[in-house]
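>>> curious how this folds, go ahead:
(2 chains)
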Amino acid sequence: MVLKVRTRFAPSPTGYMHLGNLRSALYAYLFARQNDGTFILRIEDTDLERYVPGAVEVIYDTLKAAGITIDEGPNEGGAYGPYVQSERKEIYLRHARELIEKGVAYYCFCGKERLEKLRDEKGVSRYDKHCLHLPKEEIEKRLRRGDPYVIRQNMPTEGVSEFYDHVFGRITINNDELEDHVLIKSDGLPTYNFANVIDDHLMRITHVIRGNEYLSSTPKYNLLYEAFGWKIPEYIHLTPIMKDETRKLSKRHGDAHFDDFIRKGYLSEAIINYIALLGWSPKGTQEKFTLEELIKNFSVSGLSRSPSIFDEKKMKWLNAEYIKELPFEEFMEHALPYFEASKIKGRYDYRKFGKLLQSRIEIFSEIPEKVEFIVDYKPIPKEMYALKKYKLDAGIAKGIIEASIPAFSELQAWEEEKLHGIIQNLASVLEMKAASVYTTLRIALSAHAVTPGGAAEIAGILGKEESLERLRKALSWL
RNA sequence: GGCCCGUUGGAGAAGCGGUCAACUCAUAGCCCUCUCAAGGCUACAUGCACGGGUUCGAAUCCCGUACGGGUCACCA
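Predicted coordinates for the structure are as follows:
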């Protein structure tokens, strides 16, 4: 019988959702879905000190925005709950005691001071198995007395441990490298090392997909599985996402959170698509994938073994691709808050601007700056009209603008199409190239050498009255 | 420092013993064009960190060196 695939995302509720974490969740999700398996969310809140209220909601909101659906979890329920570690305290204790009976774990009463003394000059410490040799009576006595204790895993001191990882291949570690780490802390809660193994087994996780910071402690976990006589899961360790060659992309460096990018005007589809590509490479040359396509195309063999550097430029490009293919109405929905926050708030037609901007922005937060030129109308220096390419100078520009005012004045229906007609007609009357007339009017109407959109479009946005007013002003400056 | 892992152009990467070393972003140039975008085209690693070896043949296999990452917590 082939086991049904079950993967999990097991974040700690410590604040915002980091892109690296999101990617781990994504891969675990994709793998589960493509194998018709189950995706589980488990909250690892065994560190009371790092707990941040509201962090669980952030995790839920982010996964939802990303389109990642959860089959079993704190809110969804499931047959293997509870899915919050702090609610599973008894389960861990029970298993830890079982290990003590088996002789692979033991009580340890060593205090901070004693542990401190074990530290060498470099600050590297190594527990010396001191309490492993405590006589049974003494352990009983101290337990009865209520002395604080932890439970440690008793590691073998010789031999080697070997395991297979689907990304890194076969990995071998000498057992004497393994420390007797703590399984149960003095507050009675398990450490990650322990809770993880217990939960992954009890929740029937078949494939453990996580960051490769756990790669070197995996042998310890395997020893635990073996002590219990449990099946060891398949391992898929992920390389980190880096900010640059040496620094990991982290919260400390700012703007590495999903929310930050959403706020900057990225589409969640684009973010997901981009991070999927960081550390994973598709079989063919396609790079733009919907979630559905990612589920179909994801493959463990495409996972990279070296860290990848986060490149916002490429994510911007991808985002622009998504923006361009958005139906116009949807584009406007996303764009609206940015128009509202810009200098054209309450003036001009957002939709006309939207038409101009959809192919001109990479992220929505560029809207305010792109739109600002229209209100920034100021005296136009004569040199701005001096364009050799169009055989233009201030004098010729003056003639064009003069001729354009009566022509525009006669226009009743102020529509873009009609505006184009007038400009083209003007060109033939003046016996000039249309391009020269367009350019001159574009500058006269905008007072900018570079604008998104051309003369007719800008006139359309300004409306008849303001267009004429600007043309008269432009004329007066010449 | 010990141990584990990695290293293909500015970035993401394909490549799995015989390829002109794919593809995408970025960059540059050209075309289109009323400017800017968008779109189209083109250029961009005599070379796969470096040094040895194995082989008729190596980015691909082996060894060493350098560099980078991870880990060595009562954090996950």
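>>> okay, and the helix or strand of chain A with the least pLDDT?
Every helix and strand in chain A was compared by mean pLDDT, DSSP states H and E; the lowest is helix A:112-117, with a mean of 83.
>>> what packs against it?
Judged by 3 or more Cβ pairs under 8 Å, 6 or more residues apart in numbering; DSSP states H and E, helix A:112-117 is in contact with no other helix or strand. The way it works is simple: take the backbone N, C-alpha and C, and place the C-beta from them, glycine included.
>>> where do the strands sit along the stretch 101-250 of chain A?
Assigned strands in the stretch 101-250 of chain A, in chain order: A:105-108, A:150-153, A:160-165, A:169-174, A:182-184, A:207-211, A:234-238, A:241-242 (criterion: DSSP state E, counting those that start in this stretch).
>>> any idea of the mean pLDDT for the shortest one?
This predicted structure assigns strand A:241-242 an average pLDDT of 90.
>>> just checking, what packs against it?
Of the remaining helices and strands, those touching strand A:241-242 by 3+ Cβ pairs under 8 Å, 6+ apart are helix A:19-34, strand A:308-309.
>>> what's the average pLDDT for the helix or strand following it?
Using DSSP states H and E, the helix or strand that follows strand A:241-242 in sequence is helix A:258-263. In this model, helix A:258-263 has an average pLDDT of 92.
>>> now swap in stretch A:355-371 and tell me
Predicted confidence along stretch A:355-371 averages 97 (mean pLDDT).
>>> tell me how far the ends of it are from each other?
When the termini of stretch A:355-371 are compared using Cα to Cα, to the nearest Å, they are 12 Å apart.
>>> is RNA strand B within reach of that stretch?
Yes. Contact check for stretch A:355-371 against RNA strand B, using Cβ under 7 Å from any atom of the strand: residues in range are A:359-360.
>>> buried ones in that stretch, by neighbour count?
A:355-358, A:361-364, A:366-368, A:370-371 (16 or more other Cβ atoms under 10 Å).
>>> hey, C-alpha coordinates of stretch A:409-419 in PDB?
What follows is stretch A:409-419, C-alpha atoms only, in PDB (Å, rounded to 0.1, in the frame of the first residue of the first chain):
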ATOM      1  CA  SER A 409     -12.200  75.300 -29.700                       C
ATOM      2  CA  GLU A 410     -14.500  74.100 -32.400                       C
ATOM      3  CA  LEU A 411     -14.500  70.600 -31.200                       C
ATOM      4  CA  GLN A 412     -17.700  69.700 -29.400                       C
ATOM      5  CA  ALA A 413     -17.300  66.100 -28.400                       C
ATOM      6  CA  TRP A 414     -14.000  66.000 -26.600                       C
ATOM      7  CA  GLU A 415     -13.000  62.400 -27.300                       C
ATOM      8  CA  GLU A 416      -9.600  61.000 -27.900                       C
ATOM      9  CA  GLU A 417     -10.400  59.800 -31.400                       C
ATOM     10  CA  LYS A 418     -11.600  63.200 -32.400                       C
ATOM     11  CA  LEU A 419      -8.600  64.800 -30.900                       C
END
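>>> tell me the SS of A:Ile443?
Here A:Ile443 takes the helix state, with states given by DSSP: H, G, I helix; E, B strand; the rest coil.
>>> can you lay out the buried residues of stretch A:355-371 as JSON lines showing secondary structure?
Supplementary listing: those in JSON lines, determined by three-state DSSP:
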{"residue": "A:Lys355", "secondary structure": "helix"}
{"residue": "A:Leu356", "secondary structure": "helix"}
{"residue": "A:Leu357", "secondary structure": "helix"}
{"residue": "A:Gln358", "secondary structure": "coil"}
{"residue": "A:Ile361", "secondary structure": "coil"}
{"residue": "A:Glu362", "secondary structure": "coil"}
{"residue": "A:Ile363", "secondary structure": "coil"}
{"residue": "A:Phe364", "secondary structure": "helix"}
{"residue": "A:Glu366", "secondary structure": "helix"}
{"residue": "A:Ile367", "secondary structure": "helix"}
{"residue": "A:Pro368", "secondary structure": "helix"}
{"residue": "A:Lys370", "secondary structure": "helix"}
{"residue": "A:Val371", "secondary structure": "helix"}
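>>> of those residues, which pair is most distant in space?
Distances among these were taken as Cβ to Cβ; the most separated pair is A:Lys355 and A:Ile363, at 18.2 Å.
>>> what's the local residue count around whatever residue of the stretch 251-400 of chain A ends up closest to RNA strand B?
Ranked by Cβ to the nearest atom of the strand, the top residue of the stretch 251-400 of chain A for proximity to RNA strand B is A:Ser306, at 2.9 Å. Using other Cβ atoms under 10 Å, the number of residues around A:Ser306 comes to 7.
>>> number of nearby residues for the residue lying closest to A:Leu22 once chain neighbours are set aside?
With Cβ to Cβ, 6 or more residues apart in numbering as the measure, A:Phe258 is the residue that lies nearest to A:Leu22, at 5.5 Å, once sequence neighbours are left out. Other residues lying near A:Phe258 total 24 when counted by other Cβ under 10 Å.
>>> what of A:Lys248?
A:Lys248 has 18 nearby residues by other Cβ under 10 Å.
>>> so what's the nearest residue to it once chain neighbours are set aside up against?
Taking Cβ to Cβ, 6+ apart, and ignoring the residues beside it in sequence, A:Lys248 has A:Pro240 as its nearest neighbour in space, at 5.2 Å. Residues near A:Pro240 by Cβ atoms under 8 Å, 6 or more residues apart in numbering: A:20, A:211-213, A:248-249, A:307.
>>> likewise for A:Phe163?
With contact taken as Cβ under 8 Å, 6+ apart, A:Phe163 is in contact with A:170-171, A:218-219, A:222, A:232, A:235.
>>> ditto for A:Glu44
Contact criterion Cβ under 8 Å, 6+ apart gives A:10-12, A:85, A:192, A:195-196 as the residues in contact with A:Glu44.
>>> now A:Gln34
When contacts are taken as Cβ under 8 Å, 6+ apart, A:Gln34 is in contact with A:295-296, A:298.
>>> for RNA strand B, what is the nearest residue in chain A?
Checked against RNA strand B (Cβ to the nearest atom of the strand), the nearest residue in chain A is A:Gly454, 1.9 Å away.
>>> that residue is in contact with A:Leu445, isn't it?
No. With the criterion set as Cβ atoms under 8 Å, A:Gly454 and A:Leu445 do not qualify as a contacting pair; they are 9.7 Å apart.
>>> neighbour count winner among those two?
Per other Cβ under 10 Å, whichever of A:Gly454 and A:Leu445 has more neighbours is A:Leu445, with 27 against 20.
>>> good, wrapping up.
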